[in-house]
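In: Sequence isn't available, so here's the structure alone:
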């Protein structure tokens, strides 16, 4: 998540080799949750991003989610030179050639499905390609990262996973509890992603993931999207070099094809929205007003993506590995998952 558009976006100085690599790469952001308009999309294009998992729902139920999806199609109709709605990895590859942004619609919760597994296919038909199982608290599917006790995957959760596997919707575990995450990996016949989290050895936080969960996901063919949100990188004091060293260590430990980026950027929102994200409708607002955290100066929004390319080169990653981390690994995962799986 991120602060609003009043922030000063830093232009990203980079070496010639980094600039050339960034221009050539197909860059995919594993998750952003912005208040989208043309100006917000132009920030992505300025950063060289060709594909993004854009959050269409968090706490919304089925009816409100339909309205949100309708808004996306209206935005696409009004900005055809800039935006295309994506359903496949090839749509993102074509957007790169056309200098457009391909949007994969995603959910950060399964509340949009209500208590009806059939809505998985309905929303998939409308273009939803990624869904996170829980958002911070227990729901009908399973436990979440901030629950004192993670209940694990429920029977309904297993049905939801089976349907997501069948239709070709990528399962996301970023805000999901550790026990539920391990249950989900075991239950899924398709690879799973953690689209926007970091390892707990980098920053100890409930939103980050222990080695056991990360290895279970990646050894089953899934991916970890390294996240830039201040809460999960240790705050604004964390340096670009430290972040890129984390990525390099993960590449060494898990392999170069298992790592991507998921910025968790939120652009164009005020503080009221972060309060809604934290509280939803399940609890009253706290006594202290919720505010966005401060981002490190080297990354305050999508326009700063070129800094990441420069940083990854400087910590010693080769160009093939960097192209994978920047987006090709996500594309390969989408190629694998989006066609769906035949469920016996």
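Out: The structure has been received and is ready for your questions. Please read these numbers as outputs of a predicted model, since none were measured by experiment.

In: who does the strand ranked longest in the chain pair up with?
Out: In the chain, with assignment by DSSP state E, the single longest strand is strand 49-57. The strands that strand 49-57 pairs with in its sheet are strand 27-32 (parallel), strand 101-107 (parallel) (by DSSP bridges).

In: Go through those strands and pick out the most buried.
Out: Highest mean neighbour count among the strands paired with strand 49-57 (mean count of other C-beta atoms under 10 Å): strand 27-32, with a mean of 28. Every C-beta, even on glycine, is put in place using the N, C-alpha and C of the backbone.

In: Can you name the element that comes right after that strand?
Out: Using DSSP states H and E, the helix or strand that follows strand 27-32 in sequence is helix 38-46.

In: Any chance you could list what contacts that following helix?
Out: With contact meaning C-beta atoms under 8 Å, 6 or more residues apart in numbering, helix 38-46 is reached by 5, 9, 29, 32, 34, 52, 78-79, 82-83, 99-101, 267-268, 301-303.

In: Which members of these are classed as buried?
Out: Neighbour counting over these (16 or more other C-beta atoms under 10 Å) leaves 5, 9, 29, 32, 34, 52, 79, 82-83, 100-101, 267-268, 301-303 as the buried ones.

In: ok, of the residues you listed, which one's closest to residue 147?
Out: The closest of these to residue 147 turns out to be residue 32 (C-beta to C-beta; 25.4 Å).

In: Please read off the pLDDT at that closest one from the model.
Out: Note for residue 32: predicted pLDDT of 98.

In: Mind telling me what element residue 65 is part of?
Out: helix 62-78.

In: oh, I was asking about residue 269
Out: Applying DSSP H and E, one finds residue 269 in no helix or strand.

In: Tabulate the strands paired with strand 49-57 (a markdown table), appending distance to residue 215.
Out: Output for the strands paired with strand 49-57, formatted as a markdown table (distance: least, C-beta to C-beta, whole Å):
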| stretch | distance to residue 215 |
| --- | --- |
| strand 27-32 | 19 |
| strand 101-107 | 24 |
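
In: Now do the strands in the chain.
Out: Taking DSSP E as the criterion, the chain carries its strands at 27-32, 49-57, 83-85, 101-107, 128-132, 170-172, 193-194, 223-226, 259-261.

In: Now do the same for the shortest one: mean pLDDT, whole number.
Out: Within the predicted structure, the mean pLDDT of strand 193-194 is 98.

In: Can you spell out which helices and strands pack onto it?
Out: Using 3 or more C-beta pairs under 8 Å, 6 or more residues apart in numbering; DSSP states H and E as the contact criterion, the elements in contact with strand 193-194 are strand 170-172, helix 211-219, strand 223-226.

In: I'd like the ones you listed written out as JSON lines, with mean neighbour count and mean pLDDT added.
Out: Formatted as JSON lines, those follow (neighbours: other C-beta atoms under 10 Å; pLDDT from 0 to 100):
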{"stretch": "strand 170-172", "mean neighbour count": "28", "mean pLDDT": "98"}
{"stretch": "helix 211-219", "mean neighbour count": "19", "mean pLDDT": "98"}
{"stretch": "strand 223-226", "mean neighbour count": "27", "mean pLDDT": "98"}
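
In: I'd like the ones you listed laid out as JSON lines, including distance to residue 319.
Out: Converted to JSON lines, the helices and strands packed on strand 193-194 look like this (distance: least, C-beta to C-beta, whole Å):
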{"stretch": "strand 170-172", "distance to residue 319": "27"}
{"stretch": "helix 211-219", "distance to residue 319": "22"}
{"stretch": "strand 223-226", "distance to residue 319": "18"}
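
In: quick one, which of the ones you listed is nearest to residue 309?
Out: strand 223-226 (13.6 Å).

In: ok, now which ones touch residue 309?
Out: 14, 18, 21, 22, 25, 322, 326.

In: Actually, residue 129.
Out: Residue 129 neighbours (C-beta under 8 Å, 6+ apart): 53, 86, 87, 104, 105, 106, 168, 169, 170, 334, 338.

In: Please consider this matter closed, and thank you.
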